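S.K.: Okay, structure incoming, though there's no sequence with it:
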């Protein structure tokens, strides 16, 4: 999927209001980001370690945006999507490049994470973890998602779900504010603990949260796709290095940066809110978010702040957060499925309609897979952790891809030294996370006594 002609060329907005009304991919990403990672993984971390890793949460949200923007910059310059970027990296090739094969492994992991989403939704409505009770709700949720996407109702649900995610994020922030009026309030001593820059003995959940919160590896892959489909790269047109092309590219890059930073502010505030509620309420009560009674445990954060009405606030908000994430993930992953099938030679897209049919097949196949995985494993938190682990392992390779991209875009569009330094720092942080995850999953760090 690339800007194949000049039919879609559009001049960038020049005013701040024009820029703000033009942003789109970042808001789509926000509807996907503020989901299971925040509602389940982040609150689980808070319930486990208290306020200790507040600094780590903020770092995880902020550091990856540099890679996100750089991948988007390359897409605007060259008009290619995320998988094509990975397939251009140097190194071994078997039909496709080694980085694409690594991504395929991560892709399967994120599908398991989506299984945790549909499981959480089913348990939310069923109020039970029994298979018989959750089966109708899980099937209904997955089927509705597939029908809406096949029917082309994405835009309507996208706008509504984005609005609801932002609304629930605001509600979560208000919950933290009202928390200050209860015995579980966040104190200056708690904040001092949160910014003590210390780590707990067991880092597994912390690094899973790093991989899944903010712009995770899955969202980094989604972003170039939406930059192509929703405008930016298409509006710029094919690269010809002419003065008008460079002017358009610079203008839409400016819009993209606003897009990325605005979405970063939204999901950072939401993520911090979830973490503080988990630390202040669940951790103090000795309750840890686990596979058993997941939704019941999470609802305690809102009933502990808003009282009885908090249960309904949680119910509506949790549904919208989980379902919007499931919906956007299905749409995004179906497009990636079509792209990788084309790279592997499974399908040949002689016309855009052929690719559209493959995408539609994907939006049906993905919900079916997630349903089957959930009813086999039946452990929402574990499924989310599988996805987070896969994303954390993929992050350093996406960081390296962004660094590689920097030197291969139009020279007039390249970032300056300060931005490049931040990009290298971001990639280094991702590499550390990936290295830790690899050592943790293989048991190497325990074997040499570095972790318990």
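M.R.: Here it is on my side, so go on. Since the structure is predicted, the reported quantities are computational estimates derived from the model, not experimental observations.

S.K.: If you rank every helix and strand of this structure by mean pLDDT, what lands last?
M.R.: Of all helical and strand segments in the chain, the minimum by mean pLDDT, DSSP states H and E falls on helix 25-33, at a mean of 61.

S.K.: other SSEs contacting the following helix or strand past that helix?
M.R.: Going down the chain from helix 25-33, the next helix or strand is helix 36, by DSSP states H and E. Applying 3 or more C-beta pairs under 8 Å, 6 or more residues apart in numbering; DSSP states H and E, one finds that helix 36 contacts helix 98-126. The way it works is simple: take the backbone N, C-alpha and C, and place the C-beta from them, glycine included.

S.K.: mean confidence score for the helix it packs on?
M.R.: Here helix 98-126 scores 92 as its mean pLDDT.

S.K.: Okay, angle between the very next helix or strand once past it and helix 98-126 too, please.
M.R.: Using DSSP H and E, the helix or strand that follows helix 98-126 in sequence is helix 131-150. Computed by axes from the mean of the first three to the mean of the last three C-alpha atoms, to 10 degrees, the angle separating helix 131-150 from helix 98-126 equals 120 degrees.

S.K.: does the closest residue to residue 99 other than its chain neighbours sit in a helix or strand, and which one?
M.R.: Nearest non-adjacent residue to residue 99, counting by C-beta to C-beta, 6 or more residues apart in numbering: residue 86, 4.1 Å away. Residue 86 is part of helix 82-88, with elements assigned from DSSP H and E.

S.K.: What residues of the helix or strand where residue 402 lies count as buried?
M.R.: According to DSSP H and E, residue 402 maps onto helix 380-406. For helix 380-406, the neighbour count (16 or more other C-beta atoms under 10 Å) marks 380-381, 383-406 as buried.

S.K.: Same check on stretch 240-260?
M.R.: 245-246, 248-249, 251-253, 255-260.

S.K.: for stretch 106-119, same thing?
M.R.: 106-107, 109-119.

S.K.: dump the residue contacts of residue 434.
M.R.: With contact set as C-beta atoms under 8 Å, 6 or more residues apart in numbering, residue 434 has these partners: 392-397.

S.K.: now with 10 Å?
M.R.: Applying C-beta atoms under 10 Å, 6 or more residues apart in numbering, we find residue 434 in contact with 207, 210-211, 217, 391-399.

S.K.: Out of the residues you listed, which comes closest to residue 340?
M.R.: residue 394 (14.1 Å; C-beta to C-beta).

S.K.: so who does the closest one touch?
M.R.: Here residue 394 is in contact with 99, 102-103, 105-107, 109-110, 211, 216-218, 220-221, 430, 434, 437 (C-beta under 10 Å, 6+ apart).

S.K.: ok, now with 8 Å
M.R.: Counting by C-beta under 8 Å, 6+ apart, residue 394 touches 102-103, 106, 211, 217, 434.

S.K.: Residue 279: which of those residues is nearest?
M.R.: Using C-beta to C-beta, the shortest approach to residue 279 within those belongs to residue 211, at 19.9 Å.

S.K.: Need the pLDDT of the closest one.
M.R.: Looking at residue 211, its pLDDT reads 79.

S.K.: what's around it, how many residues?
M.R.: Neighbours of residue 211 under the rule other C-beta atoms under 10 Å: 30.

S.K.: Was I right to think it contacts residue 386?
M.R.: No - contact criterion C-beta atoms under 8 Å: residue 211 and residue 386 do not qualify, at 11.1 Å.

S.K.: residue boundaries of the strands in the chain?
M.R.: Along the chain, counting by DSSP state E, strands occupy 93-94, 96-97.

S.K.: could the ones you listed be laid out in a markdown table, adding mean neighbour count and distance to residue 182?
M.R.: Below are those laid out as a markdown table (neighbours: other C-beta atoms under 10 Å; distance: least, C-beta to C-beta, whole Å):
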| stretch | mean neighbour count | distance to residue 182 |
| --- | --- | --- |
| strand 93-94 | 10 | 58 |
| strand 96-97 | 18 | 54 |
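
S.K.: For residue 418, which of these is the nearest?
M.R.: Nearest of the strands of the chain (C-beta to C-beta): strand 96-97, 30.6 Å.

S.K.: by contact count, what packs against that closest one?
M.R.: Applying 3+ C-beta pairs under 8 Å, 6+ apart, one finds that strand 96-97 contacts helix 82-88.

S.K.: number of nearby residues for the nearest residue to residue 304 once chain neighbours are set aside?
M.R.: Leaving aside its sequence neighbours, residue 304 sits nearest to residue 281 (C-beta to C-beta, 6+ apart; 4.6 Å). Number of residues near residue 281 (other C-beta under 10 Å) recorded here: 23.

S.K.: for the one 5 residues further on, same thing?
M.R.: For residue 286, the neighbour count with other C-beta under 10 Å is 7.

S.K.: Tell me if I'm right that residue 400 and residue 428 touch.
M.R.: No - taking contacts as C-beta under 8 Å, residue 400 lies outside contact range of residue 428: 10.4 Å.

S.K.: Look up how far residue 121 lies from residue 151.
M.R.: Using C-beta to C-beta, to the nearest Å, residue 151 is found at 20 Å from residue 121.

S.K.: Same question for residue 38.
M.R.: Using C-beta to C-beta, residue 38 is found at 15 Å from residue 121.

S.K.: Helices of the stretch 201-350 of the chain, start to end?
M.R.: Ranges of helices within the stretch 201-350 of the chain are 204-212, 217-229, 232-236, 243-277, 284-285, 294-306, 309-343, based on DSSP state H, counting those that start in this stretch.

S.K.: Poorly predicted segments of the stretch 351-452 of the chain, please.
M.R.: Applying pLDDT under 70 to the stretch 351-452 of the chain flags residues 441-442, 444-445, 449-452.

S.K.: coming back round to it: relative to residue 400, how far out is the residue nearest to residue 99?
M.R.: Distance, residue 86 to residue 400, by C-beta to C-beta: 10 Å.

S.K.: ok, and what's touching stretch 292-300?
M.R.: Residues from elsewhere that reach stretch 292-300 (C-beta under 8 Å, 6+ apart): 39-40, 43, 47, 120, 123-124, 127, 129, 281-282, 285, 287-290, 310-311, 314-315, 318, 380-381.

S.K.: Name only those of these that count as buried.
M.R.: 39-40, 43, 47, 120, 123-124, 129, 281-282, 287-289, 310, 314-315, 318, 380-381.

S.K.: ok so, going back, got a list of what the residue nearest to residue 99 touches?
M.R.: So residue 86 contacts 97, 99-100, 103, 397, 401 (C-beta under 8 Å, 6+ apart).

S.K.: Among those residues, which one lies nearest to residue 266?
M.R.: Distances from residue 266 to these, taken by C-beta to C-beta, are shortest for residue 401, at 25.3 Å.

S.K.: Touching, that closest one and residue 85? I think so.
M.R.: Yes - look at residue 401 against residue 85 with C-beta under 8 Å: they come within range, at 5.8 Å.

S.K.: Tell me how far residue 313 lies from residue 43.
M.R.: Taking C-beta to C-beta, one finds residue 313 at 15 Å from residue 43.
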